[in-house]
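> Quick one: sequence plus predicted model below, questions after.
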Amino acid sequence: MLAKMNEYYHEHLLPASPPGSVFIAKPPGCTITAYTSGKVLFQGKNHDAEAKKWGIPSEERPLTESKRHAYSPPANIHTMSIIGTDEVGTGDYFGPITVVAAYVAKEQIATLKELGVKDSKHLSDTQICSIAEKILPIVPYSLLILHNEKYNDIQQKGMSQGKMKALLHNQAINHLLKKIPDNNIDGILIDQFTLPETYFQHIKGKEQLWTGRVYFSTKAESVHLAVAAASIIARYSFVKQFDKLSEKAGFPLQKGAGPKVDEVAAKLLNQHGEKALYHFAKLHFANTEKAKKILQRK
Ligand code: MN
């Protein structure tokens, strides 16, 4: 029956299906996941109508699978050797986007904990930099920096930030896999920034060296230290780049995208002209227009 269903939903199949599944199809109002076990899950407002087409009685049909999804990490992931990925700078007007993939073997977890690796949201930039310098020599990682000239170029050509992130995460994973070919890797854990289906859509046709399991989780820094390490290294690199930019500007730039950022952007515009913003900032953010308005008022 799975083959028949696959054919029937042909036009609605997603390009990739998670481990343990045969396919995922999304006809209007329903998500259908077929598992290798033969189980088929119908979800969404039209689940009943779709399931009836296949004569599947409602009582045999699990309607919800709780909050977990097909890419949710297993409960014992903290005991595994994992490549974790995370990015920094996507919400900051000034500074680049930094993306890091980091490999943490299960034997390394205790050491990293001792060095202070944890969810970077609970750490100051000073703490992050000090921990990063301790773990950089011992954690295999790959770092990608998307500077703003390139960011603005591809953004103006119509690429979404989501797609940029997906491409960078995939690339960082590929680079890291080439660095550590002989390691035991139980899976990849991505700090979730979009739906897994959308992620795979974005990287469709790109080189994907990893053929094993890929897990997605929000707040993945607290799910496995590999993501916490990736996050710390990404933040560290962002801060270093940010400091360099401040030096170039001749005054301290401001992180984030709030009203203080508008003021600093206005100062930058005033002193260095509009071209400078292309180098320093993510131009399409609302801060650009706000900065221009501030200048006009003066
Ligand atoms: Mn993240």
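Thanks, I have the structure now.
> Let me see the contact set for the residue in the stretch 151-298 of the chain that the ion sits nearest to.
For the stretch 151-298 of the chain and the ion, the shortest gap (C-beta to the ion) falls at residue 191, measuring 3.7 Å. For glycine as for every other residue, the C-beta is placed from the backbone atoms N, C-alpha and C. Taking C-beta atoms under 8 Å, 6 or more residues apart in numbering, we find residue 191 in contact with 84, 85, 86, 87, 217, 218, 219, 220, 221, 227, 230, 231.
> what ranges do the helices span in this protein?
According to DSSP state H, the chain carries its helices in the segments 2-8, 47-53, 109-114, 125-135, 148-156, 161-179, 196-202, 225-249, 259-272, 274-280, 287-297.
> Near the ion, which residues of this structure? Just list them.
Residues of the chain lying close to the ion by C-beta under 5 Å from the ion are 86, 191.
> shaky segments in the chain?
57-67 (pLDDT under 70).
> Show me the residue sitting in the middle of it in space.
By C-alpha atoms, centre = their mean, the chain has its centre lying nearest to residue 193, at 4.6 Å.
> Chain neighbours aside, what residue packs nearest to it?
Among residues not flanking residue 193 along the chain, residue 165 sits closest, at 5.5 Å (C-beta to C-beta, 6 or more residues apart in numbering).
> I'd say that neighbour and residue 97 touch.
Yes: taking C-beta atoms under 8 Å as the definition, residue 165 is a contact partner of residue 97 at 7.4 Å.
> Find the residues that touch each one of the two.
Residues touching both residue 165 and residue 97 (C-beta under 8 Å, 6+ apart) are 87, 90.
> quick one: which of the two has more around it?
Shown here are residue 165 and residue 97; by other C-beta atoms under 10 Å, residue 97 has more neighbours (25 against 21).
> Would you check that the more buried one makes contact with residue 88?
Yes: with contact defined as C-beta under 8 Å, residue 97 reaches residue 88; the gap is 7.2 Å.
> Where does the stretch 1-150 of the chain get nearest to the ion, which residue?
residue 86 (4.4 Å).
> Bridged to that residue, which residues?
residue 100 (DSSP bridges).
> burial of it, as a residue count?
Neighbour count for residue 86, taken as other C-beta under 10 Å: 28.
> give me every residue that touches it.
Neighbours of residue 86 in contact, by C-beta under 8 Å, 6+ apart: 99, 100, 191, 220, 221, 227, 230, 231, 234.
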